[in-house]
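S.K.: Fold the stuff below for me.
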Amino acid sequence: MTQTLAEPSETTTNTPARPMKSAGHVIVDTLVAHGIKRAHVVPGESFLDVLDGLYGSEIETIVCRHEGGATYMAEADGKMNQLPGIAMVTRGPGAANAHVGLHTSWQDSTPMVLFVGLIPFAHRDREAFQEFDIKAWFDTGAKRVMVLDHAERASEIVAEALFAAMSGRPGPVVVGLPEDVIRQQISGELHPPIPVATGGMTTVDSEALATALAASTKPLFVTGGNDWTQAGADQLTAWLEKHHIPAAAEWRTEGTVPFDSPSYVGPIGYGRPRPTYDLLEETDLLIFVGTVPGDVITDGFVCRQDWNKKNFLVTIDPSLRGRSGPVSYQIVAKPDVFVRDLAKIELPVKEEWKAWTLRMRYEQESFAALPTASPSAGQARMDTLMAHLVPTLPEDAMVTLGAGEHTNWAHRYFPTQRYASMISARNGSMGYSVPSAIAASLEYPDRRVVTIAGDGEFLMNGQELATAAQYGATPLVIVMDNQEYGTIRTHQERHYPARVSGTQLKNPDFALMAQAFGGFGIKVERDADVPTAIKAALQTIDQDKVFALIHLVVEQRVKAY
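M.R.: A predicted model of the protein is given here:
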């Protein structure tokens, strides 16, 4: 049989031309395709085409009032999710204002991508309006700094940025977007997500850990970082409780092992309470998961420095950046994968483990026991507020914190029962409380979100209450007003006693500010009025679906512990 060749039109299919889009729109399409739900934005003319791409997209655009607030919200978003938080700001001044959130992301190991609009490519190196060198500014404080100089690489650059923020030790990535480049028309083809390696325990790793645990009489786990899931946290908690082994929480990361777990023995970090003060030296086997023993945990590279101590470090970062003290063994794994493999290790429970864990748990329970709920006859007190607030909290309540001595009331009393139920800035960055509370409330609109802010900290980003009102965030904001920068005053009294200078504040009426922004505000000066204020604030949140602020005027030099 003779086979004849068909005409080309009968055997080939004409591939339709891909739709052309601007690079700015392709950037947004790529974010959507990679699962990004929200972008925190302070607009600028330098990235208008990206803003236009956000118009009508699946991404919720949260317009913020300051770049610091926007990057704090994005950073908090990265703490709560497996994907990076997204912030977008403009060139020059906008980029400068955003740096504070970038530093928080860097030191807290939080995945975040900061998009920065830039001057037109053709204007570069001519001292154009708001021109700056993006690599010189951000290179030492970000995992990568990339500039979209070729429009056709728009989707690739976004995929690379998201991957870089999540891979290895998570952190911030900066992407520069020249104004003229993002307007260029390119193919709408999108770059797929790049898989992130998670590591895991080898057979040798498992044997080494099992051997070390079997030889230990006082083992201690320390959980930290932002790279967990609830499933991983639950699995670790179950394993610890089964084996009667204790776990402490890295500073400001409470909740990975629940507050009420018989294995949870408290926080470790600056100003840590007595129940955990001596733990690092007393334990004969320290296992860090998701973090490393750095400056804060070791009291300035002083504690746990004996090279004979046994430290197992579980982190996906092979460089162990920030590590202090001895390293007996490193396991390169993200927390969830490590815990998956840990669950396969079966060990006979030692009576020494039971006694060790029971002793430390008893101290933690005593430390965390709520103060009396009976108000005093004098000035308002944070103890009274916590005694009345905590019993009202549902199991999935969240707390967010900035920096200052006011945060210690949350460390001591707030019942963190789930992973990421405490969202805070571990780099000691002030102004984080309100933006992070807004981010948490937007991410989890049905959960009770509480933020505890100091009076000095609150005014650094209190204007973001306008953002809360605009997008329906409903946190409870507690402003502890002691008319001073309390932490700095404490250091001042230690080094320059009776010479108070540069730490005292005169404050406005924060309750009136809250009302002006469209929320509920109440000022409390007498301790007897605290219970009524809490009831009114929570009732307003639940019924009117607005944020509420309690302005608590307290005495100076009163501390949580």
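
S.K.: ok, which stretches of the stretch 101-250 of the chain are helices?
M.R.: 134-138, 154-166, 203-215, 230-243 (DSSP state H, counting those that start in this stretch).

S.K.: Adding mean pLDDT, mean neighbour count and distance to Val296, write these out as a markdown table.
M.R.: For glycine as for every other residue, the C-beta is placed from the backbone atoms N, C-alpha and C. A markdown table is the format used below for the helices of the stretch 101-250 of the chain (pLDDT from 0 to 100; neighbours: other C-beta atoms under 10 Å; distance: least, C-beta to C-beta, whole Å):
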| stretch | mean pLDDT | mean neighbour count | distance to Val296 |
| --- | --- | --- | --- |
| helix 134-138 | 95 | 17 | 24 |
| helix 154-166 | 98 | 23 | 23 |
| helix 203-215 | 97 | 15 | 25 |
| helix 230-243 | 98 | 18 | 21 |
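
S.K.: Stretch 520-540 - what's its average pLDDT?
M.R.: For stretch 520-540, mean pLDDT is 98.

S.K.: Could you check how far Arg65 is from Pro172?
M.R.: 21 Å (C-beta to C-beta, to the nearest Å).

S.K.: Name the residues that touch stretch 304-313?
M.R.: 208-209, 212, 216, 280-281, 284-288, 292-293, 298, 320, 323-331 (C-beta atoms under 8 Å, 6 or more residues apart in numbering).

S.K.: okay, Arg65 and Pro172: which has more neighbours?
M.R.: Each of Arg65 and Pro172 has its neighbours counted (other C-beta atoms under 10 Å); Pro172 has more, 34 against 17.

S.K.: Who are the packing partners of the helix or strand where Ala511 lies?
M.R.: Per DSSP states H and E: Ala511 is located in helix 510-516. Helix 510-516 sits against strand 476-481, strand 520-524, strand 548-553, with contacts defined as 3 or more C-beta pairs under 8 Å, 6 or more residues apart in numbering; DSSP states H and E.

S.K.: of these, which approaches Gln235 most closely?
M.R.: strand 476-481 (31.3 Å; C-beta to C-beta).

S.K.: contact partners of the helix or strand following the closest one?
M.R.: As assigned by DSSP H and E, the chain's next helix or strand after strand 476-481 is helix 486-495. With contact meaning C-beta under 8 Å, 6+ apart, helix 486-495 is reached by 403-406, 454, 456, 499-503, 556-557.

S.K.: Of these - the most surrounded one?
M.R.: His406 (29 neighbours).

S.K.: That one in helix, strand or coil?
M.R.: helix (DSSP: H, G, I helix; E, B strand; the rest coil).

S.K.: My guess is it contacts Ile452. True?
M.R.: Yes - with contact defined as C-beta atoms under 8 Å, His406 and Ile452 form a contacting pair (5.6 Å).

S.K.: Please enumerate the shared neighbours of those two.
M.R.: Taking C-beta under 8 Å, 6+ apart as the contact rule, His406 and Ile452 both touch Met480.

S.K.: Which helix or which strand is home to Val434?
M.R.: helix 433-443.

S.K.: Taking strand 548-553 as reference, get the angle to that helix.
M.R.: 160 degrees (axes from the mean of the first three to the mean of the last three C-alpha atoms, to 10 degrees).

S.K.: Pull out the buried residues from helix 433-443.
M.R.: Burial within helix 433-443, assessed by neighbour count using 16 or more other C-beta atoms under 10 Å, is assigned to 433-443.

S.K.: After that helix, which helix or strand is next?
M.R.: Taking DSSP H and E, what comes next after helix 433-443 is strand 449-454.

S.K.: Looking at that next one now, give me its mean pLDDT.
M.R.: pLDDT averaged over strand 449-454 gives 97.

S.K.: by how many degrees do that strand and strand 548-553 diverge?
M.R.: Going by the same axes, to 10 degrees, strand 449-454 makes 30 degrees with strand 548-553.

S.K.: Give me the longest helix you can find in the chain.
M.R.: Determined from DSSP state H, the single longest helix within the chain is helix 351-368.

S.K.: and the helix holding Ala511, how far out from the chain's middle?
M.R.: With C-alpha atoms, centre = their mean, to the nearest Å as the basis, helix 510-516 stands 27 Å off its chain's centre.

S.K.: How about the secondary structure of Gly94?
M.R.: Taking three-state DSSP, the label given to Gly94 is helix.

S.K.: Show me the shaky parts of the chain.
M.R.: 1-18, 271-275, 277 (pLDDT under 70).

S.K.: For the host helix or strand of Arg412, C-alpha coordinates in CSV please.
M.R.: Using DSSP H and E, Arg412 falls within helix 408-413. C-alpha atoms of helix 408-413 as CSV (Å, rounded to 0.1, in the frame of the first residue of the first chain):
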residue,chain,number,x,y,z
ASN,A,408,6.8,40.2,79.6
TRP,A,409,3.2,40.1,80.7
ALA,A,410,2.4,38.1,77.6
HIS,A,411,5.5,35.8,78.0
ARG,A,412,4.4,35.1,81.6
TYR,A,413,0.6,34.8,81.3
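
S.K.: Lys535: neighbour count?
M.R.: If we define neighbours as other C-beta under 10 Å, then Lys535 has 12 of them.

S.K.: let me redo that: Arg169
M.R.: 20.

S.K.: and it, what does it touch?
M.R.: Counted by C-beta under 8 Å, 6+ apart, Arg169 has contacts 109, 315-317, 319, 321.

S.K.: switch to 6 Å and redo it
M.R.: By C-beta atoms under 6 Å, 6 or more residues apart in numbering, the residues touching Arg169 are 109, 317.
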